[in-house]
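Undergrad: Kindly generate the corresponding structure for this input.
(one chain, ligands or ions: 2)
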Amino acid sequence: MKTKVLVTGGAGYIGSHVVRQLGEAGYDVVVYDNCSTGSPKAVLHGELIIGDLADTDRLYQVFAKHRFSAVLHFAASLIVPESVAHPLDYYSNNTRNTLNLLRCCHVLDVNQFIFSSTAAVYGEPEENPVTESTPTLPINPYGRSKLMSEWLIQDHSLASRMRYVTLRYFNVGGADPGGRLGQSLRNVTHLIAAACNAALKRQSEVKIFGTDFPTPDGTGIRDYIHVEDLASAHVDALRYLEAGGESQTLNCGYGKGYSVRQVIERVKAISGVDFPVIEAERRPGDPACVTACAEKISQVLGWQPQYNDLDTIVYTTLAWEMQQENLPSVTGNRQKLVLINKERPVRSKIAEIAYRLPQ
Ligand SMILES: NC(=O)c1ccc[n+]([C@@H]2O[C@H](COP(=O)([O-])OP(=O)(O)OC[C@H]3O[C@@H](n4cnc5c(N)ncnc54)[C@H](O)[C@@H]3O)[C@@H](O)[C@H]2O)c1
Ligand SMILES: O=c1ccn([C@@H]2O[C@H](COP(=O)(O)OP(=O)(O)O[C@H]3O[C@H](CO)[C@H](O)[C@H](O)[C@H]3O)[C@@H](O)[C@H]2O)c(=O)[nH]1
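TA: Ligands and ions are numbered 1, 2, ... in the order given. I've put the predicted structure just below:
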C-alpha cells in the first residue's frame, strides 16, 4: 500500500511542485488548501480538500479519515512588507495554524513532520553565509511568526514521538522545466517576479528598494534557489524521516548571493528586454544580505541540486509565463537561448518553448 501524506498549502507555488514530485515518487497525497493564493489547477496528483487550517473541526475530520504517516506543512502567508503592516494576520495564519496542525498530529499520532521555514528567521545576520546555528534574530513579523512555529514544532517533538525536518528556504524562484507547473507572476511582489513582469511588459518599471545597503553595489543580496531543487529536498527529507532519521533543521539554498542589480541584469539579458529601473527607498523589514551555508542539507539528506544557477531560475520563470499566455510583445533573445541550450542540455525544453515565440 502507498504511504499517505498530508500536504498543507499543496495548491501553492512550492507545495504544488512538491506534490508533483511526491506523486512521481509513489506517495499517496492529500492536499489541504484554502486556495487563498493557490489554485486547484496546480494540484497534479492526489486529492485536493479545500479547507482552512483555522477550521480545526474540519482538520480533525480529515486527519481521522485518512490516517497520514507524515505531514508536509507549506500553508502560510509570506509577504514581508505585508507582515509589517498586518502582524496579527501573520501570527494567526502562520503560528496559530501550525499549532492547530500539531494538535491534530498529536491526537491522531502522526509522527513525521516537514516544515517550510525561511531564511527570514536569521534577520540581519552579522556574517554570511549563515549556518543552521547562526543566531535567529528575525527583524519582521513574518520571520518571527515562522520562528515561533519552529519552536512549537521543536517543543512538541521533545515531548512526543514526533520527528521533524524544518527546512529554512532562502529565496525561491523558477518553474518546472517540463512546463507543467510554475508560479503565476500576477500579484507577486518578489524581485524575480517583478523583473520578469517588467520584461513581459506587464509593469512599466522595476523599483530597486534601497541602494545604500552595505553591499558591493549598495543593493540587497539574496541566495536564490530553484523550486524544483527545493521540491526534491522535501522528498529527500521524507525518505530520511521514514528511514528513522532524527529531527533536523536545514538551510535550503545554494550558498551563492546575487544583488538586486545583478538579478535585474540577468532578467534583461535573458528576456532581451531593456525595461526602466527606478532607485527607491528601502522597504521596511528588508535585511541587506542573507546567503546560506548549504553543506548540512547535502550531508544529512544526500540532497543533490540540479538547477543551481540564477540563469536557469530566470529562464524557467519566463518560459512558464510565456507558455501560459502567448505574449507577442516579448522579444526573447533567440540566439542566446539557442546558445545556452547547446551548452546545457537540461535547458532544451525551456529553449524550445522560448524559440517558438515571435521575436
Ligand atoms: N516563496 C518563497 O520565496 C519562500 C521562501 C521561504 C519560505 N517560504 C515558505 O514556503 C511556503 C510556501 O510558499 P509559496 O511560495 O508556495 O506560497 P503560496 O502562497 O503559493 O502557497 C501557500 C499556499 O497555502 C495556502 N494557504 C494559506 N493559508 C492557508 C490556510 N489558512 N489554510 C489552508 N491553506 C492556506 C494558499 O492558498 C497557498 O496555496 C510558505 O510556508 C512560505 O512561508 C517561501
Ligand atoms: O520589486 C522589487 C522586489 C524586491 N526587491 C528587493 O529584492 C530583494 C529580494 O526581495 P524579495 O521580495 O524577492 O524576497 P525577500 O528576500 O523579501 O523574501 C523572500 O525570501 C525570504 C527568504 O529569504 C522569505 O522567505 C520570504 O517568504 C520571501 O518573500 C530584497 O532586497 C528586496 O528589497 C526590489 O528591489 N524590488
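Undergrad: how far does stretch 168-182 sit from the chain's center?
TA: 7 Å (CA atoms, centre = their mean, to the nearest Å).
Undergrad: oh sorry, the question was meant for stretch 24-34
TA: 17 Å.
Undergrad: Kindly report the same for stretch 27-35.
TA: 17 Å.
Undergrad: Put the alpha carbons of that stretch into PDB.
TA: Taking Å, rounded to 0.1, in the frame of the first residue of the first chain, the C-alpha atoms of stretch 27-35 are listed here in PDB:
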ATOM      1  CA  TYR A  27       3.300   8.600  -2.400                       C
ATOM      2  CA  ASP A  28      -0.500   8.900  -1.900                       C
ATOM      3  CA  VAL A  29      -1.000  12.700  -1.500                       C
ATOM      4  CA  VAL A  30      -3.900  14.600   0.200                       C
ATOM      5  CA  VAL A  31      -3.700  18.400  -0.200                       C
ATOM      6  CA  TYR A  32      -5.400  20.700   2.300                       C
ATOM      7  CA  ASP A  33      -5.600  24.200   1.000                       C
ATOM      8  CA  ASN A  34      -8.000  27.200   1.200                       C
ATOM      9  CA  CYS A  35      -6.900  28.300  -2.300                       C
END
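Undergrad: check whether it contacts ligand 1.
TA: Yes: applying CB under 6 Å from any ligand atom, one finds stretch 27-35 touching ligand 1 at D33, N34, C35. Any C-beta I mention is one placed from the backbone N, CA and C, and that applies to glycine too.
Undergrad: Stretch 194-214: end-to-end distance?
TA: Terminal residues of stretch 194-214 lie 23 Å apart, using CA to CA, to the nearest Å.
Undergrad: Could you see whether ligand 1 lies near it?
TA: No: using CB under 6 Å from any ligand atom, stretch 194-214 stays clear of ligand 1, coming no nearer than 13.0 Å.
Undergrad: Just name the closest of the residues of stretch 27-35 next to ligand 1 to S117, please.
TA: Checking those against S117 with CB to CB, the nearest one is D33 at 18.8 Å.
Undergrad: surely the closest one meets A75?
TA: Yes: D33 sits in contact with A75 when judged by CB atoms under 8 Å, with a separation of 6.5 Å.
Undergrad: follow-up on the earlier one: can I have the buried ones of the residues of stretch 27-35 next to ligand 1 as a PyMOL selection?
TA: Buried members of the residues of stretch 27-35 next to ligand 1 can be picked out in PyMOL with the line below, counting by 16 or more other CB atoms under 10 Å:
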select buried, resi 33+34+35
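Undergrad: Show me what the longest helix along the chain is packed against.
TA: Taking DSSP state H as the criterion, the chain has its longest helix at helix 141-158. Helix 141-158 sits against helix 80-85, helix 87-90, helix 97-107, strand 112-118, strand 163-169, with contacts defined as 3 or more CB pairs under 8 Å, 6 or more residues apart in numbering; DSSP states H and E.
Undergrad: For the shortest one, the averaged confidence score.
TA: With pLDDT averaged residue by residue, helix 87-90 scores 98.
Undergrad: Mind listing what's buried along it?
TA: For helix 87-90, by 16+ other CB under 10 Å, it's Y90.
Undergrad: The stretch 151-300 of the chain against ligand 2: which residues are in contact?
TA: Within the stretch 151-300 of the chain, the positions near ligand 2 by CB under 6 Å from any ligand atom are 169-171, 189-191, 194, 206-210, 220, 222, 260, 283, 286, 290.
Undergrad: again, 5 Å this time
TA: By CB under 5 Å from any ligand atom, the residues of the stretch 151-300 of the chain that approach ligand 2 are N171, H190, L191, A194, I208, F209, G220, R222, V260, R283, D286.
Undergrad: From the residues you listed, pick the one nearest ligand 2.
TA: Distance to ligand 2 across these (CB to the nearest ligand atom) is lowest for G220, with 2.4 Å.
Undergrad: isn't the closest one right up against S259?
TA: Yes: with contact defined as CB under 8 Å, G220 counts as touching S259 (6.8 Å).
Undergrad: Give the residue from these two that has the larger number of neighbours.
TA: Neighbour totals were compared for G220 and S259, and G220 leads with 25 against 19 (other CB atoms under 10 Å).
Undergrad: Enumerate residues external to the host helix or strand of Y32 that contact any of its residues.
TA: Using DSSP states H and E, Y32 sits in strand 28-33. When contacts are defined by CB atoms under 8 Å, 6 or more residues apart in numbering, strand 28-33 is touched by residues 2-12, 15, 19, 22-23, 43, 45-51, 53, 59, 62, 66, 68, 75.
Undergrad: same thing but at 6 Å, please
TA: 2, 4-11, 19, 22-23, 43, 45-49, 51, 66 (CB atoms under 6 Å, 6 or more residues apart in numbering).
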